[in-house]
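Asker: Any chance you could fold what I've pasted below:
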Amino acid sequence: EVRKEEVLILRSQLVSQKEAMQHKETMTEAMSYMEDVQKMKDAGEITQAYIGLKETNRSPTQDYHALNEDGELWLVYEGLKETNRLLESQLQTQRKAHDNEVESLRGELQSVKEENNRQQQLLAQNLQLPPEARIEASLQHEITRLTNENLDLMEQLEKQDKTVRKLKKQLKVFAKKIGELEVGGQTENVSPGQTIDEPIRPVNIPRKEKDFQGMLEYKKDDEPKLVKNLILELKPRGVAVNLIPGLPAYILFMCLRHADYVNDDQKVRTLLTSTINGIKKILKKRGDDFETVSFWLSNTCRFLHCLKQYSGEESFMKHNTTRQNDHCLTNFDLAEYRQVLSDLAIQIYQQLIKCMENILQSMIVPGMLEHETIQGVSGVKPTGLRKRTSSIADEGTYTLDSILRQLSSFHSTMCQHGTDPELIKQVVKQMFYIIGAVTLNNLLLRKDMCSWSKGMQIRYNVSQLEEWLRDKNLMNSGAKETLEPLIQAAQLLQVKKKTDEDAEAICSMCNALTTAQIVKVLNLYTPVNEFEERVTVLFIRTIQTRLRDRKESPQLLMDTKNIYPVTFPFNPSSLALETIQIPSSLNLGFLTRV
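Answerer: Numbering: from 1, shown residues only. So this is what the prediction gives:
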């Protein structure tokens, strides 16, 4: 294209020079004609000369074929077309860049508008709060914003670190190749009379036992390998079964201690961020596996306890030995990360409850209601009811023993993983709440279950659950109290329901049931045989009258998705960090004990 433009410029210069020459010749001829006219004296001669000059100046018909004999017009046309294409391409490029810039500015404007709206909503909410709560809400919002910005910056920093590590690896490879080439050149320069020293045979040198400080050193390039081997590829069922409970948490904290010891803030940040992201990733991948979720709930809590125990704060140090206090962090305050780990532990706990609920869900109704734990008690069907078939009950798939065995499996797995005893109590309490709520809801929806004999069956099943709590030393966990509505419903099925005294006893006894639930059970109550009587409408109205002043929710069914708030009480470890050995099965040979 540049060549074509140069050709066009040269051609235009040639045409300009040609026109100038023609103009000069014309002017010269005109001057000569004027001189001749001045020499003429006769008018006739002047007239004749003018007619001749006029004939001479008449332009002949141009021969365009002769003018374009070298294809000059075609070349000029093609040059103009190329110039137009070039200008059009530049115009399109500028237009595209302009459109992209406008789109980017629109996106920024939209994000600014959203942020502005969010700030206005927050401001409106804050204005409705009292002054103290307003200040606290503003501080909480600012802390959240700064934390999110910090996490985003740490992710960017992590990406840059990966790029730097990649470039360093490439640099090492090139340096190694250069070294090999230099050694090869030196070997070629050795004369035939010279000999190269043979390698010395290795000798085993015994190492003296050293006093370890409870730290693990690793290279920054090995951090992805650490997360991969210790978190992403570690299977609780297998290798992790034979480990010290909480060993992954201890190893991660010992690595963190060394980063704190050398005062490497970048290493501390990247290790904590990689650890949290690794745990989230494995739970997202295998979040429906109870053992995996339980294992990482235990290790996350242990890591959180380690950050507290060795933080250097007096409230935590008083539980330590002198040696453990020597292992406290010296350079960094990780209180903010403790909050992040606590939030992560809450998410894992909720995921664990969901896993356990999914496993127990299909067992609860057959085991607690449909299966006849006491044989012969409900042999007579309630009068006026058709026979209800239940494939689960007929097949005998799930019984009360199935529920008890599953609860024992949950408990033993959590103990094996080293879950804190207080946390196990909260998990068991939540499981018993789910069992009681699901059982009661089905009782309120099934008329064939509301009889005197079924009340006895339910009461017996509840007593077996209480016995399980005593065997596991969990009576003080609050789990028994969650079964109180179910216990009272079973008692309601068994007590007399005739006189005003019976109504008074029922109202004082069923304080854990709502009025709607009590009335529903009485309406569904069906006699087992002809010797019993149905509950009269008058008796039910008496109950309603006595309970009308109660301040309670009108809701009939219990909320089975309700989860009690979870707490993680501080549980210091007596294990000395310097005594921890890393099994070879973890493939962590790149860690060095310090």
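Asker: contacts and neighbour counts: CA atoms only from here.
Answerer: Will do.
Asker: Pop out the phi and psi values for L216.
Answerer: Main-chain torsions, L216, degrees, to the nearest 10: phi -130, psi 130.
Asker: State the three-state secondary structure for I563.
Answerer: Classification of I563 using DSSP: H, G, I helix; E, B strand; the rest coil returns coil.
Asker: how many neighbours does the spatially closest residue to it that is not a sequence neighbour have?
Answerer: Excluding the flanking residues, the one nearest I563 by C-alpha to C-alpha, 6 or more residues apart in numbering is Q430, at 6.8 Å. Residues contacting Q430 under the criterion other C-alpha atoms under 10 Å number 24.
Asker: Equivalent analysis for S573, please.
Answerer: Using other C-alpha under 10 Å: S573 sits among 14 other residues.
Asker: how about the strands in the stretch 251-400 of the chain?
Answerer: Applying DSSP state E, counting those that start in this stretch to the stretch 251-400 of the chain gives no strands.
Asker: contacting residues around the residue nearest to I563?
Answerer: Q430 makes contact with I353, A479, I563, Y564, according to C-alpha atoms under 8 Å, 6 or more residues apart in numbering.
Asker: looking at it, R593 is touching Y218, isn't it?
Answerer: No: under the criterion of C-alpha atoms under 8 Å, R593 makes no contact with Y218, lying 9.2 Å away.
Asker: Out of the helices and strands in this structure, which is least certain?
Answerer: helix 391-395 (a mean of 40; mean pLDDT, DSSP states H and E).
Asker: Name the next helix or strand following it along the chain.
Answerer: Counting by DSSP states H and E, the next helix or strand C-terminal to helix 391-395 is helix 400-416.
Asker: residues in contact with that following helix?
Answerer: With contact meaning C-alpha under 8 Å, 6+ apart, helix 400-416 is reached by 241, 245, 291, 294-295, 298, 360, 363-364, 367-368, 371, 373, 424, 461, 465, 468.
Asker: How far off centre is it?
Answerer: Relative to the chain's own centre, helix 400-416 is displaced by 30 Å; criterion: C-alpha atoms, centre = their mean, to the nearest Å.
Asker: now stretch 282-291
Answerer: Its chain's average C-alpha position is 13 Å from that of stretch 282-291, according to C-alpha atoms, centre = their mean.
Asker: for the record, mean pLDDT for that stretch?
Answerer: Average pLDDT, stretch 282-291: 94.
Asker: for stretch 518-531, same thing?
Answerer: 85.
Asker: Just the residues contacting that stretch, thanks.
Answerer: The contact list for stretch 518-531, computed with C-alpha under 8 Å, 6+ apart, reads 380-383, 444, 446-448, 450-453, 489, 492-493, 510, 533-535, 540, 543-544.
Asker: out of these, which are buried?
Answerer: 381-382, 444, 447-448, 450-453, 489, 492-493, 510, 535, 540, 543-544 (16 or more other C-alpha atoms under 10 Å).
Asker: circling back: what about burial for the contacts of helix 400-416, which qualify?
Answerer: Buried among the contacts of helix 400-416 by 16+ other C-alpha under 10 Å: 245, 291, 294-295, 298, 360, 363-364, 367-368, 371, 373, 424, 461, 465, 468.
Asker: Now R593: phi and psi?
Answerer: Per degrees, to the nearest 10, the backbone of R593 is at phi -70, psi 140.
Asker: Tell me which of the buried ones among the contacts of stretch 518-531 fall in helices.
Answerer: Here DSSP state H is the test, and those give L444, W452, S453, A489, L492, L493, I540, I543, Q544 as lying in helices.
Asker: The residues you listed: which two are farthest apart?
Answerer: Maximum pairwise distance among those (C-alpha to C-alpha): 25.1 Å, between S453 and Q544.
Asker: tally of neighbours for R302?
Answerer: Using other C-alpha under 10 Å, the number of residues around R302 comes to 26.
Asker: That one reaches L247, doesn't it?
Answerer: No: the pair R302 / L247 is not scored as a contact, 9.1 Å apart, by C-alpha under 8 Å.
Asker: Which helix or strand lies directly C-terminal to the helix or strand encompassing A133?
Answerer: Using DSSP H and E, the element containing A133 is helix 131-188. Per DSSP H and E, the first helix or strand lying C-terminal to helix 131-188 is strand 216-217.
Asker: and that following strand, which strands flank it?
Answerer: Applying DSSP bridges, strand 216-217 is found paired with strand 592-593 (antiparallel).
Asker: Next, the buried residues of stretch 268-286.
Answerer: 268-276, 278-280, 282-283.
Asker: Let me have the residues you listed in TSV, extended by distance to L153.
Answerer: Shown next, in TSV, are these (distance: C-alpha to C-alpha, whole Å):
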residue	distance to L153
V268	14
R269	11
T270	11
L271	15
L272	14
T273	11
S274	14
T275	16
I276	15
G278	18
I279	20
K280	19
I282	23
L283	24
